[in-house]
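**Q** show me how the following folds:
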Amino acid sequence: MKKSVPVNVIVHYPTTEKGWRELRHRVACVHADATLNSISKLKCSDWQKLKLLKAIIDDAKAQIEKVKNNGNEIRYVRYRDRRRTM
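**A** The predicted structure is shown next:
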């Protein structure tokens, strides 16, 4: 198998809370599209695909509730801040 050439990517992280919210929203949309695309490619009946999608949604809602009930909040740390703590 042919080895691929490494690609250097420069990422400019958001600097404001509004920017982080927008990034989280966009990442969630891409993740949802990828999940739907993967499910649609499965070789099973439509009702099985719907059942799987419902299970994924229910699991995500349960995880959100668990985080809310524990009083924990998912925090996104800016890259510079994260580098200092490593």
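**Q** low-confidence regions, this protein specifically.
**A** Residues of the chain meeting the criterion pLDDT under 70: 71-86.
**Q** ok, which stretches of it are strands?
**A** Using DSSP state E, the chain contains no strands.
**Q** can you map out the helices along the chain?
**A** 17-40, 46-69, 79-85 (DSSP state H).
**Q** nearest to I10, of those?
**A** Nearest to I10, of all the helices of the chain, is helix 79-85, at 11.3 Å by C-beta to C-beta. C-beta here means a position set from N, CA and C on the backbone, and glycine is covered the same way.
**Q** next, format the helices of the chain as a markdown table and append distance to V7 and mean neighbour count.
**A** What follows is the helices of the chain, written out as a markdown table (distance: least, C-beta to C-beta, whole Å; neighbours: other C-beta atoms under 10 Å):
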| stretch | distance to V7 | mean neighbour count |
| --- | --- | --- |
| helix 17-40 | 18 | 11 |
| helix 46-69 | 30 | 11 |
| helix 79-85 | 18 | 9 |
